[in-house]
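>>> just need the structure, nothing else, for what follows:
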Amino acid sequence: QVQLVESGGGLVQAGGSLRLSCAASGRTFGWSVMGWFRQAPRKGREFVAAITWSGGSTNYADSVKGRFTISRDNANNTMYLQMNSVKPDDTAVYYCAAQEGPPRPPRYPGGYNYWGQGTQVTVSS
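You can find the predicted model right below:
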């Protein structure tokens with residue numbers, strides 16, 4: 001059974017840093033892309049960043065480019081999101097997701113097969 005488990009969320013002051021982790025377990029053979037999305041209250045799910053399974057290519061939303069860094073630890077099947085210079089607008093539940101099979105456009109939530117349960121990030125001003 002495939003499972004994605006996020007951790008690392010919490011409360012942080014504006015300008016601070018936080019690192020989210022996403023541990024994958026189960027059958028990961030054939031996975032092509034992993035991504036981070038977020039959802040703030042009363043808003044839709046928003047793309048944050050994505051990385052190919054090999055880790056060779058990354059993609060970022062304009063709102064986080066230059067502040068967030070996505071990475072993978074292939075040996076441990078773990079993906080990370082390093083969040084620096086956070087802003088109150090970054091407050092949301094953050095979800096990790098994975099695509100199985102041929103890669104689809106990374107910014108579209110519907111292209112992902114598996115999702116984690118989410119971790120809350122709250123940025124205070």
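>>> so which residue is smack in the middle of this structure?
The residue lying closest to the centre of the chain (CA atoms, centre = their mean) is residue 36, at 2.0 Å.
>>> wasn't it part of a helix?
No: counting by DSSP: H, G, I helix; E, B strand; the rest coil, residue 36 is not part of a helix but strand.
>>> let me know how buried residue 117 is, in neighbour terms.
11 (other CB atoms under 10 Å). (Each C-beta comes from the backbone N, C-alpha and C, glycine too.)
>>> same check, this time on residue 119
22.
>>> on the strand side of things, show who it bridges to.
residue 94 (DSSP bridges).
>>> in this structure it contacts residue 93, no?
Yes: the pair formed by residue 119 and residue 93 meets the contact definition of CB atoms under 8 Å, at 6.9 Å.
>>> now do the contacts for the residue of the chain most remote from its centre.
Distance from the centre of the chain peaks at residue 125, with 22.8 Å (CA atoms, centre = their mean). By CB atoms under 8 Å, 6 or more residues apart in numbering, the contact set of residue 125 is 14, 88.
>>> list the residues that are in contact with both of residue 119 and residue 93.
Common contacts of residue 119 and residue 93 (CB under 8 Å, 6+ apart): none found.
>>> wouldn't residue 47 be in contact with residue 33 here?
No: between residue 47 and residue 33 there is no contact under CB under 8 Å: 11.6 Å.
>>> okay, and the common contacts of these two?
Common neighbours of residue 47 and residue 33, using CB under 8 Å, 6+ apart, are residue 106.
>>> now do the same for the residue lying closest to the residue nearest to the centre of the chain once chain neighbours are set aside: its pLDDT.
Spatial nearest neighbour of residue 36, chain neighbours left out: residue 48 (4.2 Å); criterion: CB to CB, 6 or more residues apart in numbering. Note on residue 48: pLDDT of 98.
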